[in-house]
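1. I need the structure of the sequence given here:
(3 chains)
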Amino acid sequence: MPAWIAKADGLHLARTLESGQAFRWRWDAGLDGARVAVGVVGRHILQVKQDAGGLYLLSPDTEDVRRLLLDYLGCSREPRGVAGIEAALVEDGVLAGILPHTRGIAILAQDPWEVLISFIISANNNIPKITQSIERLARAFGEPLRDGMHAFPAPARLAAARPRTLAACLLGYRAPYVRAAARMVADGDLDLDDLRRLPFEAVRERLLEVPGVGEKVADCILLFGLDRTAAFPVDVWVTRAVERLYFRGRPLTPKQIQAFARARFGPLAGYAQQHLFAYARAHLRDARTSERTRPAPRPRTAAPRRHSRGT
DNA sequence: GGGCAGGTGTAAT
DNA sequence: ATTACACCTGCC
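-> So this is what the prediction gives:
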């Protein structure tokens, strides 16, 4: 009999783990054929499932890991649960319309170090390749666990990584950013736990000093790693959703979207972002709302490349 | 093949 | 303060 964790109060496990916050979860078939989520959290390999009865931790079945999972799922941060959050979000007419499709998405409380590196890698990238890069990083630099799985690499290991090995992780031009960020953390120039004490904008400014971290990635770290649910990461999907659902398709700058979100959603902006993001990916895949109204791109001139790759 | 993918750095205005 | 462009790499 697996350890029953909680009714989870409206938390939808699959939607949460597939919402693009975390990149280290897979689905396996359980003994009864039900889908089981397998993921690496810290040094633990967790097996979790959810059915009508609630949320279950299949293994490891210990009190410590049970608490770890509840923390990871954001339950400690949000005593009212996602159901309580959504009861507030539904006051927004637009969210009321999309919540039926997205209900149950929790905001995870992940290790900010892992979030930092994961989202540096996410820039101008796609989710399958992000996932693959992170798996390769774990395999190359992370502590071996079991079944061929590895913990997320420690800062010192990535800071000392050979460029050759990083390149094999398919980081591309992001490799120097990953290494520089790791060096800052390993050397103590960036103390991620210390950031928790600072006010929102101060944390954001600190994060923006890290190479490879821009506004969007900084907001992801604030939201997914530092418990700041007021953060509102503005990516291409959220841009599409906000332009389309709140501004009749009018093109907006990221700053305008940010200001809108802060005014409209306040401390719940991060949750609103998750629902808008999920909705956009499912329903606005072709709606390049803003592109149509932008001027046509200038034709390319055949300029010589600076880093020519030898013949 | 040119374009695209959870953007960012850099060099311009 | 804002804007235009290049960019590893795998995939269509």
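2. so residue A:28, which of the three states?
-> strand (DSSP: H, G, I helix; E, B strand; the rest coil).
3. need the pLDDT of it.
-> Listed pLDDT for residue A:28 reads 95.
4. run through the helices of the stretch 101-250 of chain A in chain order.
-> A:112-122, A:127-141, A:155-159, A:163-167, A:175-186, A:192-195, A:200-208, A:215-225, A:236-246 (DSSP state H, counting those that start in this stretch).
5. who touches the third one?
-> Right, helix A:155-159. With C-beta atoms under 8 Å, 6 or more residues apart in numbering as the test, helix A:155-159 has contacts from A:113, A:117, A:137, A:141, A:142, A:178, A:179, A:182, A:183, A:185, A:186, A:187. All C-beta atoms are positioned from the backbone trio N, CA, C, and that covers glycine.
6. list the buried residues for that helix?
-> Residues of helix A:155-159 classed as buried by neighbour count (16 or more other C-beta atoms under 10 Å): A:155, A:157, A:158, A:159.
7. among these, which one sits closest to DNA strand C?
-> residue A:158 (17.2 Å; C-beta to the nearest atom of the strand).
8. can you tell me how far that closest one sits from residue A:184?
-> Separation of residue A:158 from residue A:184 (C-beta to C-beta, to the nearest Å) stands at 11 Å.
9. DNA strand C contacts on the stretch 101-250 of chain A?
-> For the stretch 101-250 of chain A, the residues in contact with DNA strand C (C-beta under 7 Å from any atom of the strand) are A:124, A:125, A:126, A:128, A:129, A:167, A:170, A:171, A:172, A:173, A:174.
10. nearest to residue A:252 among those?
-> residue A:124 (20.3 Å; C-beta to C-beta).
11. for residue A:130, what are its contacts?
-> Residue A:130 touches A:23, A:118, A:121, A:122, counting by C-beta under 8 Å, 6+ apart.
12. correct me, but the third one touches residue A:132?
-> Pointing back at residue A:121 there. No. Contact between residue A:121 and residue A:132 fails when scored by C-beta atoms under 8 Å: they sit 10.0 Å apart.
13. more neighbours, those two?
-> Comparing residue A:121 with residue A:132 by neighbour count (other C-beta atoms under 10 Å), the higher total belongs to residue A:121, at 26 against 15.
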